[in-house]
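Student: sequence first, then the predicted structure:
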Amino acid sequence: MKWGCLLVSALCLVNSSTAVPQDVPDVAIFSFDDISCTAWTRSRGDQALRTVYGTWFRGFVSGYNFGNSANQVVLSAMPDPAAVADYVDKFCRDNPQLSFIAAVIPLVQEIREHRVPAPARKP
């Protein structure tokens with residue numbers, strides 16, 4: 001696994017009004033050696049690899065929830081693995097020059113639930 005800084009760089013190079021929302025966070029994302037949409041497409045028949053990718057997506061959303069108490073993705077809103085795969089398939093068809101992990105940001109933005117901000121945690 002390596003840093004997903006490539007993701008943020010790639011997102012900056014693309015017209016984000018059509019590919020991803022304007023407010024893409026500048027964060028370091030741990031992910032896979034090959035995060036291209038081409039790699040995603042090649043994995044179509046590899047159920048074991050798709051399971052690993054799906055687990056990564058769920059882990060990313062869990063991390064997002066940990067850092068964003070006011071905008072949680074509730075468990076019932078998380079799509080099943082087949083729906084996530086369909087979402088990423090479409091994302092990669094629409095944005096073949098981006099990485100497939102870039103699909104998780106607009107997915108989270110679509111399914112998150114806006115809440116009243118939680119009180120600050122005590123250390």
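Tutor: Nice, I can see it.

Student: what count of nearby residues applies to T55?
Tutor: By the criterion of other CB atoms under 10 Å, T55 has 11 neighbours. Bear in mind the C-beta positions are built from the backbone N, C-alpha and C, glycine included.

Student: confidence score at it?
Tutor: For T55, the pLDDT comes out at 92.

Student: now F30, what are its backbone angles?
Tutor: Backbone torsions of F30, given as degrees, to the nearest 10, read phi -80, psi 130.

Student: brain fart, P79
Tutor: According to degrees, to the nearest 10, the main-chain angles of P79 amount to phi -60, psi 160.

Student: quick check: which ranges of the protein have low pLDDT?
Tutor: Low-confidence segments of the chain, defined by pLDDT under 70, span residues 1-25, 115-121.

Student: which residues in it form strands?
Tutor: Across the chain, reading from the start of the chain, the strands by DSSP state E fall at 71-72, 113-114.

Student: highest mean neighbour count out of the ones you listed?
Tutor: With neighbours defined as mean count of other CB atoms under 10 Å, the strands of the chain peak in mean count at strand 71-72, which reaches a mean of 16.

Student: does anything pack onto that strand? Which helices or strands?
Tutor: For strand 71-72, the helices and strands in contact under the criterion 3 or more CB pairs under 8 Å, 6 or more residues apart in numbering; DSSP states H and E are strand 113-114.
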